[in-house]
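K.L.:
compute the structure for the input listed below.
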Amino acid sequence: MKAFTIHARPDDAPERFTFVKDGFSWPALFVPLLWILWHRLWLTLLFFVVFVLVVAWTGRLAGEDAAAWVAILGALLFALEANNIRRLSLESRGFDEMGFASGRDLDEAELRFFDRWAAGAVAPATKGEAISRAAYSPQARAHGADEPILGLFPEPER
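P.N.:
Purely as a prediction, here's the structure:
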């Protein structure tokens, strides 16, 4: 089950809503430059260029092994936080967090969100609230009940 937050400008039509997945971003790991350009994250591009220069500088000062470790750890960290960076960018561009949705894929999450939205059951979410509701919603627990739970606390309310 994947969780998504939905972002839109106050006057946007539903066709222009932006769904941002919560969690790891594989494209941001394997092709970070293209991912950054695709989502038009210009400040992130600047930080990416600085990071590449730091990796090159580390390679000259500490050797290729150290530079490889810095590059790998930096790439993993970026892939873990890429969607959160995208959320922050959308917020700075005037997008509001409209709510959340969860589903096996983006299409199912869109269907669930727009069904609730058409029924008037979607209330605007406060900052950061939507993703926590999506991850632990009763719908997500009901559909994921047959999936094994890892960890010591199987109930997310605790």
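
K.L.:
and the lengthiest helix in the chain, what other elements does it pack with?
P.N.:
If you go by DSSP state H, the chain has its longest helix at helix 64-92. Applying 3 or more C-beta pairs under 8 Å, 6 or more residues apart in numbering; DSSP states H and E, one finds that helix 64-92 contacts strand 2-8, strand 18-21, helix 26-30, helix 32-38, helix 42-62. For the C-beta atoms, the positions are set from N, CA and C on the backbone; glycine is no exception.

K.L.:
tell me which of those sits most buried.
P.N.:
Mean neighbour count (mean count of other C-beta atoms under 10 Å) peaks for strand 2-8 among those, with a mean of 23.

K.L.:
look up how far residue 57 lies from residue 85.
P.N.:
Per C-beta to C-beta, to the nearest Å, residue 85 is found 23 Å from residue 57.

K.L.:
next up, the contacts around residue 9.
P.N.:
16, 94-96 (C-beta atoms under 8 Å, 6 or more residues apart in numbering).

K.L.:
any idea how far residue 57 lies from residue 50?
P.N.:
Taking C-beta to C-beta, one finds residue 57 at 10 Å from residue 50.

K.L.:
tell me which residue is most central in this structure.
P.N.:
Centroid-nearest residue in the chain, with C-alpha atoms, centre = their mean: residue 83, separated by 2.8 Å.

K.L.:
on that earlier part again, can you redo the helices and strands packed on helix 64-92 as JSON lines with distance to residue 117?
P.N.:
Below are these laid out as JSON lines (distance: least, C-beta to C-beta, whole Å):
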{"stretch": "strand 2-8", "distance to residue 117": "9"}
{"stretch": "strand 18-21", "distance to residue 117": "12"}
{"stretch": "helix 26-30", "distance to residue 117": "27"}
{"stretch": "helix 32-38", "distance to residue 117": "26"}
{"stretch": "helix 42-62", "distance to residue 117": "30"}
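
K.L.:
possible to save those as CSV with distance to residue 112 and mean pLDDT?
P.N.:
Below are these laid out as CSV (distance: least, C-beta to C-beta, whole Å; pLDDT from 0 to 100):
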stretch, distance to residue 112, mean pLDDT
strand 2-8, 10, 93
strand 18-21, 11, 94
helix 26-30, 23, 96
helix 32-38, 25, 97
helix 42-62, 30, 95
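
K.L.:
where does this structure have its least confident helix or strand?
P.N.:
None of the helices or strands of the chain scores lower by mean pLDDT, DSSP states H and E than helix 138-143, at a mean of 54.

K.L.:
thank you, goodbye.
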